[in-house]
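Chemist: What would the 3D arrangement of this be:
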Amino acid sequence: MSTRIAKLSLVACFVAGVWLSVIAQEKRESSYAPVVTNEPFATTLARMKAAKKGVMDRQMALLNERYDLSKREAKDVKMTRGKPIPEGPATKLASGLTWDKLGAMSPDQIKDGGHFPAGFMPLPHANHPEGGMLFPKMMIDLLNKMGEGNRLERFDLDFDLPEHFLPEFPPAIFLITRPDLGDVSQGKLVTLDNFFELFNGIMNPKQLDGLRLLVSQFPQQQFNNTDDRRTEKPSRGVACLDCHVNGHTNGATHLIGDIRPQAHRRRIETPSLRGVNIQRLFGSQRALKSVEDFTEFEQRAAYFDGDPVIATKKGVNVLDRGSAVHEMAEVQELFDFPPAPKLNLYGKLDPAKASQSEIRGEALFFGKANCSICHTPPYYTDNLMHDLKVDRFFKPRTINGLMATAQGPIKTFPLRGIKESPPYFHDGRLPTLEDTVEFFNVILSLKLAAQEKSDLVAFLRAL
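Modeler: Below is the predicted model:
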């Protein structure tokens, strides 16, 4: 009898061990999002709407800790359609610290002393554990005014960065095929309702069809008809040009889909499509090799956080490579940089048109500041990827659900027309060009003087 009891005990222990192992495995981070929802949509809606204020209060407290969010504008520099350039730096420094003192420190001194500005740390999504596409209020409001309703409004989140740190809206449109026309936007937001009116007679039939697809809404992770959407009413989805507005950007944000677990995913600010025709890498870190790859990847993967199971559930838009993808890519390759009247044929300043500050800034760009090592003229990109190793300056930590640690290489974004694309860096952590210059002054240990930094900003505004 005792032998039998012992055997039963062993079996029980084995079963219990297997069960505990299963529980442990269930608690591990998964690469997959849950496919089946466990609560009615009405319950999800009520729960997340009730939590919204707390989530947004937490995010805005973080932004106010990091930045001076007040509206400061450059006096004599504007974007194409007249919006003033935001002026900085907006990043806050610890008490007693100055930019000169910070710039004189070594990476170890900054890291060990905890002196790295909070605004230079990776920026989390407004609700990092939740993530998803998030659109600025100016976009939602204009669509509503145009009769499309507030179709891009989420019930659980609002956009976090103030509008004065975003590109002008709607932005101008320049085409490499018709530079003689200048801005062809007519001050309008291009949508499915007006694209034909605006571009018939300017684009060829194939391009018009590509533009039609770029402004057509297709299901996306948060914007769809399923009961795990983040819109109150069922949604037809989003369009490519809902983020890449008028072939540029409105600053819409989401999380990169190619990293797991969730805490290690990175916020990504929508990059401009201007100048796509001269680029050879797409996606800030994926190194996609063509506009066609980027177009197909966006709708088949990025729209659904890189999860093909969820894509199937919510209604993936499978694009035909030989027709739809080709047409959409051709249109994207038409979007040009805004004019830069102070640059010559080689992408350098024309001394007869440039100010002395801009000329000094150009000398710094190609000299002491080392900017041109990655940002080579005439478009100021090298079409490569680089790791700035920003993690040298801080100790890993969790920030509102984001694990701030080593982030690896990102692609070199073009600097042509850069004054029209705030905020800066891949996650939008740098609100102004002044913040960007201060950031690289620290990261690259440049030890630039105040006047040198001012001159460098002047040059960047001229690109």
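Chemist: Next up, identify which helix or strand the closest residue to residue 40 other than its chain neighbours is on.
Modeler: Distances taken as C-beta to C-beta, 6 or more residues apart in numbering put residue 227 closest to residue 40, at 7.3 Å, once the chain neighbours are dropped. Heads up, the C-betas are built off the backbone N, CA and C, glycines and all. Under DSSP states H and E, no helix or strand contains residue 227.
Chemist: Look up how far residue 417 lies from residue 227.
Modeler: 42 Å (C-beta to C-beta, to the nearest Å).
Chemist: What are the contacting residues of stretch 373-387?
Modeler: Residues from elsewhere that reach stretch 373-387 (C-beta atoms under 8 Å, 6 or more residues apart in numbering): 275, 278-281, 285, 287, 337, 343, 345-348, 365, 408-416, 418, 463.
Chemist: Look at residue 227 and residue 417 and report which has more neighbours.
Modeler: Counted by other C-beta atoms under 10 Å, residue 227 and residue 417 do not tie: residue 417 has more neighbours, with 23 against 15.
Chemist: show me the contacts for that one.
Modeler: Neighbours of residue 417 in contact, by C-beta under 8 Å, 6+ apart: 272, 274-275, 337-338, 340, 463.
Chemist: Can you pull the phi/psi pair for it?
Modeler: Main-chain torsions, residue 417, degrees, to the nearest 10: phi 70, psi 20.
Chemist: where does it land on pLDDT?
Modeler: At residue 417, the pLDDT value in this model is 98.
Chemist: Number of residues surrounding residue 36?
Modeler: By other C-beta under 10 Å, the residues close to residue 36 number 7.
Chemist: ok, it - contacts?
Modeler: So residue 36 contacts nothing (C-beta under 8 Å, 6+ apart).
Chemist: Check the gap between it and residue 87 for me.
Modeler: 50 Å.
Chemist: and which of the contacts of residue 417 is nearest to residue 245?
Modeler: Of all these, residue 245 sits closest to residue 272, with 9.6 Å by C-beta to C-beta.
Chemist: Do I have it right that that closest one meets residue 245?
Modeler: No: using C-beta atoms under 8 Å, residue 272 is not in contact with residue 245, being 9.6 Å away.
Chemist: These two: which has the busier surroundings?
Modeler: residue 245 (29 against 24).
Chemist: list the contacts for the more buried one?
Modeler: 139, 169-171, 189-190.
Chemist: After the lowest-mean-pLDDT helix or strand in the chain, which helix or strand is next? Please name it.
Modeler: Scoring the helices and strands of the chain by mean pLDDT, DSSP states H and E places helix 2-27 at the bottom, with a mean of 46. As assigned by DSSP H and E, the chain's next helix or strand after helix 2-27 is helix 41-66.
Chemist: Can you give me the buried ones in that following helix?
Modeler: Neighbour-count burial for helix 41-66 flags 44-45, 48, 52, 55-56, 59, 62-63, 66 (criterion: 16 or more other C-beta atoms under 10 Å).
Chemist: and what of stretch 361-368?
Modeler: 361-366.
Chemist: In the protein, where is pLDDT below threshold?
Modeler: 1-27, 284-287 (pLDDT under 70).
Chemist: which stretches of it form helices?
Modeler: 2-27, 41-66, 99-104, 107-113, 137-145, 195-199, 205-214, 240-243, 291-300, 308-314, 326-332, 356-365, 433-443, 450-462 (DSSP state H).
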